[in-house]
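> just the structure for this:
(one chain, ligands or ions: 1)
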Amino acid sequence: MSALPPGVAALLGQARRVVVFTGAGISAESGVPTFRDDLTGLWARFDAERLATPEAFHTDPDLVWGWYEWRRARVRRAEPNAGHRATAAIEALVPGTVVITQNVDDLHERAGSHAPIHLHGSLFAPRCVAEAGHPAAFPAVEGGQGDEPGEGRRIPPPRCADCGALVRPGVVWFGEALPGAALSAAVDAAAACDVLLTVGTSGVVYPAAEIPRIAAHSGATVIQINPEPTPLDRISAVNLRGSAAQMLPTLVD
Ligand code: BV8
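Predicted structure coming up:
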């Protein structure tokens, strides 16, 4: 287990308000692919423009829905890892902790985090295209068995049981606004915290990537956990070069 640099554990011990800000990297050790890692990143193998935009869904709903069903099936098979569990432990240790995630999986919840703020929505909250936020009633579609979707994997989206319109994934696509309440709660938490842990994010997707920067500009100590350097290095007081499942537990041991 990697030893913490002196003073990091004390930093957390003295903090009254902690934000844990996570990206796809915290779920990597649960077998959920990240977005931008060279070999395994989703965007490296699938074109985000083709799959994660409203235009893509309008053009080819079966391909986009099939991709998300494949991703939902992968998350359902995954288990939370020590990084997710350590995040929940920090919440128990520091009652004023807020978890903010860019991830659309439910691994924080399954590890015991009570109410993580999901900036980019959830794979498990499909909604009707007809009205924003109109939860869609439809049977779970078991998609994504076997190999990855690629061109051929198409699954027709279900229809909303209430109004008959198409059901779409409950995530925020590129070009779409983030949920207002989630974003303002995240900004408020970042502006008020003493310590912000940024874990497993490349820090390149906006406006989510502003969150650690808001914390730093408001005087918080930013601690980054990432095996690789990112643009957030320069605003981080401490850069713990390691994986989430390795490094986060050392903060709560
Ligand atoms: C908006 C949901 C306007 C869908 C996602 C130019 C400049 C600035 C901004 C823009 C620009 N051009 C366009 C934009 C805007 C755009 C944007 O930021 N683009 C980027 C690519 C430049 N943003 C948007 O479109 C946003 N909306 O701006 O709307 C608007 C306003 C009002 C009204 C209407 C419109 C919407 C962005 C949200 C997009 N949706 N996800 C889905 O999941 O399919 S984004 C997607 O990226 C995921 O949510 C993901 O979480 C997020 C960020 O990626 P990361 O989490 O950081 O993951 P990544 O793979 O990049 O990095 C993983 C990291 O983990 C790496 O650093 C790696 O080293 C590390 N790691 C790996 N293993 C481990 C590890 N770390 C720890 N432990 C390990 N084991």
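> alpha carbons only for contacts and neighbour counts from here, please
Will do.
> could you list every residue that touches Val32?
24, 74-75, 78 (CA atoms under 8 Å, 6 or more residues apart in numbering).
> recalculate using a threshold of 7 Å.
Val32 makes contact with 74-75, according to CA atoms under 7 Å, 6 or more residues apart in numbering.
> need the pLDDT of it.
Note for Val32: predicted pLDDT of 93.
> that one and Glu228: what is the separation?
Going from Val32 to Glu228 by CA to CA, to the nearest Å gives 18 Å.
> ok, Ile214 next?
22 Å.
> for Thr22, which residues are in contact?
Applying CA under 7 Å, 6+ apart, we find Thr22 in contact with 100-102, 198-201.
> low pLDDT regions in the stretch 1-150 of the chain?
Low-confidence segments of the stretch 1-150 of the chain (pLDDT under 70): 1-3, 38-46, 48-50, 131-150.
> for it, which residues are neighbours of the ligand?
By CA under 6 Å from any ligand atom, the residues of the stretch 1-150 of the chain that approach the ligand are 23-26, 28-29, 34-37, 52, 102-104, 120.
> assign the most centrally placed residue in the chain to helix, strand or coil.
In the chain, the centroid-proximal residue (CA atoms, centre = their mean) is Asn103; its distance is 1.5 Å. Following DSSP: H, G, I helix; E, B strand; the rest coil, the label given to Asn103 is coil.
> what segments of the stretch 51-200 of the chain are helices?
In the stretch 51-200 of the chain, the segments counted as helices under DSSP state H, counting those that start in this stretch are 54-59, 61-77, 82-93, 107-110, 180-192.
> which among those is found nearest to Gln14?
Gln14 sits nearest to helix 82-93 of all those, at 11.0 Å, using CA to CA.
> picking up where we left off before, closest to Ala9 out of the helices of the stretch 51-200 of the chain?
helix 82-93 (11.4 Å).
> which outside residues touch that closest one?
Helix 82-93 has contacts (CA under 7 Å, 6+ apart) with 26, 97, 107-108, 111-113, 244-245, 248-249, 252.
> now swap in stretch 224-235 and tell me
Counting by CA under 7 Å, 6+ apart, 197-200, 202-203, 213, 216, 222, 236, 238-244 sit against stretch 224-235.
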